[in-house]
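S.K.: Need coordinates for the following:
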Amino acid sequence: NGIDVPTLCHFKGLTDVAACRMCIVEIGEERVAINTACTTQAGEGMVVKTDTEKLNNLRKINLELLLAERNHFCMFCEMSGDCELQNLAYQFKIDYIRYPLLFPKLPIDASHKYIIIDHNRCILCGRCVRVCDELEGNHTLDFRERGWQKMVNIDLNSILNESTCTSCGSCVQVCPTGAIYDRKSPYIGRSEDCEFTKTVCSQCSIGCGIEVVTRANHILRINGDYDSNINNGLLCDMGRFEPLYEERKRYLKPMVRMNGELKESNWEEAIDIIANRLVGIDGEDMLGLVSAIATTETIIIFKKLINNVFNSENIGMLHGPVSTLKCEGSLNEILKSDLIIVIGADFTRDSKVVRSLVKRAVTKGSNLILVDTEGENVQSYAKLIYSEKDLDKIDEEISRAKETSIIFGYNIGTNIESWILKYTGKTNLIGLLPGSNSYGAYSLGIKRDFEPIKAKYLYIFTTDENDRSLSKTSNKLDESEFIILQTSYENIISQKADVIIPSLTWAERSGSYTNLEGKKQNINRSITPPPEIKEDREVMINLAEKLGMSL
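M.R.: Residues are numbered from 1 along each chain as shown. As a prediction, this is how the structure comes out:
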């Protein structure tokens, strides 16, 4: 309502615990009570004052005590300029502290690959503890001791790198001070100097909303989008951290194979070589393979290129055939289900965010049944662990449940497919898919069960897929005479390609995805591509024109 109530412990989506005592308000007129706004329920006729001299004096005292208790030296802190504690100190005009500074010697945990915890800057607001428990469903963080000795604890006095931490990074995003921060972004850009672009993660088929923070066309960090109704701010390490540690060689100019070696070329020469080699070929000799993280708009053009220009129906996905079951279940329904069945999924590979939703549901009382399922820390949450031959026992469990969610991987067999089909319309069915736009590709007519053939000519559009996604395809290229590879980075297919065409990365693309729920999502460009690189669709259109066709 436009009323400023200061706070340090409140965060959207987390329970309120009144830890910081900054949101105190005066309630009543004759007999005034001072309560915390975050934990006081509003009532009819209630008189609330949020900005009085008494309240502000109490808030100032509270801030001074927070600053005196730990080692808050802004001039050395990586969060200076973005610190909520610092901002409130300025707001309440604190230029000195009336209480003795304690100067405690507290540890710094720098054991983790991505995250650093500095207890000297912690104000014990509990945001990290709550987000780890309530959003990630992991409960790695909690408090130990009481009073001035109270600290955030990792498991049973462990260090972060040896703990049950899933590296989701939610604690980094919610921390109001410099107590928890990532290794990549300190000291390289305050928020006021940065640009924020909301887009969609391309790491799996969920389509998590993300906010990409950039400065001078460089990515500083990736935040979860708490306004997204798909992931509600939650990310995994693949979405939050891995893109920041890209070390593969980037292709900025086309490469052509001459005398057995790949050599740098130019756009005109590369397109000419492709056109001259493919003009007049038999459509049955052409195979097109497209990445599941390509945008819908690019897949449309790629499909037209293979179908219309090369007169071939041989077009499939890089990851190969998947289950033909089409489901549009709801991720949010997982949390409402009293029975969750996970079949043939690998949460570490397919979706760590779904794993978090499942763990949260189990913590709230849901029963979990696993069937041939893998993933870190998930087995310990299961009520029952079955194999495929035990499906009849699961039928009995479903008959007793009020609401059931069935989550299945994309490589399940026909026997399980038939079993799942009978629950269509009766349960919340969620089919995990290999890529962020797998569903979009299938909706455009690319067959789910297409098995790549051995072809003389291959056009492979990988964008910035990693080697673990390309391993199946790489093993089937030895008999091809001519391979075109459109990719952002060097990969395991590069050494077999005859022509390599540079492609845009995830942060440089714009367009749309369709996630596993069947929801269309807009992809917004976060950074500008290098000037040497052409748009992916432009390259395909230029090739078609070179062959006398129009897309």
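S.K.: Excluding chain neighbours, what is closest to residue 403?
M.R.: For residue 403, ignoring the flanking residues on the chain, the nearest one in space by C-beta to C-beta, 6 or more residues apart in numbering is residue 337 at 4.7 Å. In this view, the C-beta of every residue, glycine as well, is placed from N, C-alpha and C.
S.K.: so who does that neighbour touch?
M.R.: Residues near residue 337 by C-beta atoms under 8 Å, 6 or more residues apart in numbering: 361, 366, 401, 403, 404, 405, 428.
S.K.: By neighbour count, sort out the buried ones in the residues you listed.
M.R.: In terms of neighbour count (16 or more other C-beta atoms under 10 Å), the buried residues within the contacts of residue 337 are 361, 366, 401, 404, 405, 428.
S.K.: Now pLDDT too, for the residues you listed, in TSV please.
M.R.: Putting the buried ones among the contacts of residue 337 into TSV (pLDDT from 0 to 100) gives the following:
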residue	pLDDT
361	96
366	96
401	95
404	97
405	97
428	96
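S.K.: Of those residues, which is the nearest to residue 328?
M.R.: Taking C-beta to C-beta as the measure, residue 428 is the one of the buried ones among the contacts of residue 337 closest to residue 328, at 10.0 Å.
S.K.: Double-check the closest one against residue 402; I have them as touching.
M.R.: No - with contact defined as C-beta atoms under 8 Å, residue 428 does not reach residue 402; the gap is 11.8 Å.
S.K.: Let's see which of the contacts of residue 337 end up in strands.
M.R.: Helix and strand membership here follows DSSP state E; of the contacts of residue 337, those in strands are 404, 405, 428.
S.K.: check contacts around the first one.
M.R.: Meaning residue 404. Contacts were defined as C-beta under 8 Å, 6+ apart; by that measure residue 404 touches 337, 338, 339, 340, 341, 398, 423, 426, 427, 428.
S.K.: If the third one is in a bridge, with which residues?
M.R.: According to DSSP bridges, the residues that bridge with residue 339 are residue 367, residue 404.
S.K.: That one: neighbouring residues, count only.
M.R.: Other residues near residue 339 number 21, with proximity taken as other C-beta atoms under 10 Å.
S.K.: and the gap between the closest residue to residue 264 other than its chain neighbours and residue 298?
M.R.: In space, and not counting its chain neighbours, residue 264 is closest to residue 253: 5.3 Å by C-beta to C-beta, 6+ apart. To residue 298, residue 253 is 20 Å away according to C-beta to C-beta, to the nearest Å.
S.K.: Kindly report the same for residue 145.
M.R.: Here the distance between residue 145 and residue 298 works out to 55 Å (C-beta to C-beta).
S.K.: Please identify which of the two sits among more neighbours.
M.R.: Of the pair residue 145 and residue 298, residue 298 is the one with more neighbours under other C-beta under 10 Å, namely 24 against 9.
S.K.: which SS state does the more buried one fall under?
M.R.: helix (DSSP: H, G, I helix; E, B strand; the rest coil).
S.K.: these two touch, right, it and residue 538?
M.R.: No - proximity of residue 298 to residue 538 does not meet the contact threshold set by C-beta under 8 Å, at 10.3 Å.
S.K.: what about burial for the contacts of residue 404, which qualify?
M.R.: When the contacts of residue 404 are checked for burial by 16+ other C-beta under 10 Å, the buried set is 337, 339, 340, 341, 427, 428.
S.K.: Just list the residues touching the third one, thanks.
M.R.: Right, residue 340. Contacts for residue 340 (C-beta under 8 Å, 6+ apart) come out as 334, 358, 361, 362, 366, 367, 368, 369, 404, 405, 407.
S.K.: What's the separation between it and residue 498?
M.R.: The span separating residue 340 from residue 498 equals 48 Å under the rule C-beta to C-beta.
S.K.: next one: the second one
M.R.: Between residue 339 and residue 498 the computed distance is 53 Å (C-beta to C-beta).
S.K.: Please compute how far stretch 322-330 lies from its chain's middle.
M.R.: Computed by C-alpha atoms, centre = their mean, to the nearest Å, the separation of stretch 322-330 from the middle of its chain amounts to 21 Å.
S.K.: Kindly report the same for stretch 228-240.
M.R.: Per C-alpha atoms, centre = their mean, the displacement of stretch 228-240 from the mean C-alpha position of its chain is 4 Å.
S.K.: what ranges do the helices span in this protein?
M.R.: Remark: helices assigned in the chain by DSSP state H are 53-69, 84-91, 127-134, 170-174, 237-240, 267-278, 296-304, 347-350, 352-363, 391-400, 414-421, 438-443, 467-474, 536-546.
S.K.: and the last one, what does it pack onto?
M.R.: Contacts defined by 3 or more C-beta pairs under 8 Å, 6 or more residues apart in numbering; DSSP states H and E place helix 536-546 against helix 267-278, helix 296-304.
S.K.: Spatially nearest residue to the residue sitting nearest the centre point of the chain, not counting backbone neighbours?
M.R.: Centrality entry for the chain: nearest residue to the mean C-alpha point is residue 239, 3.3 Å, by C-alpha atoms, centre = their mean. Leaving aside its chain neighbours, residue 239 sits nearest to residue 201 (4.1 Å; criterion: C-beta to C-beta, 6+ apart).
S.K.: got it, and residue 21?
M.R.: According to C-beta to C-beta, 6+ apart, the nearest residue to residue 21 is residue 62 (5.3 Å).
S.K.: Next: residue 107.
M.R.: Of all residues beyond its chain neighbours, the one nearest residue 107 is residue 119 (5.8 Å), with distances taken as C-beta to C-beta, 6+ apart.
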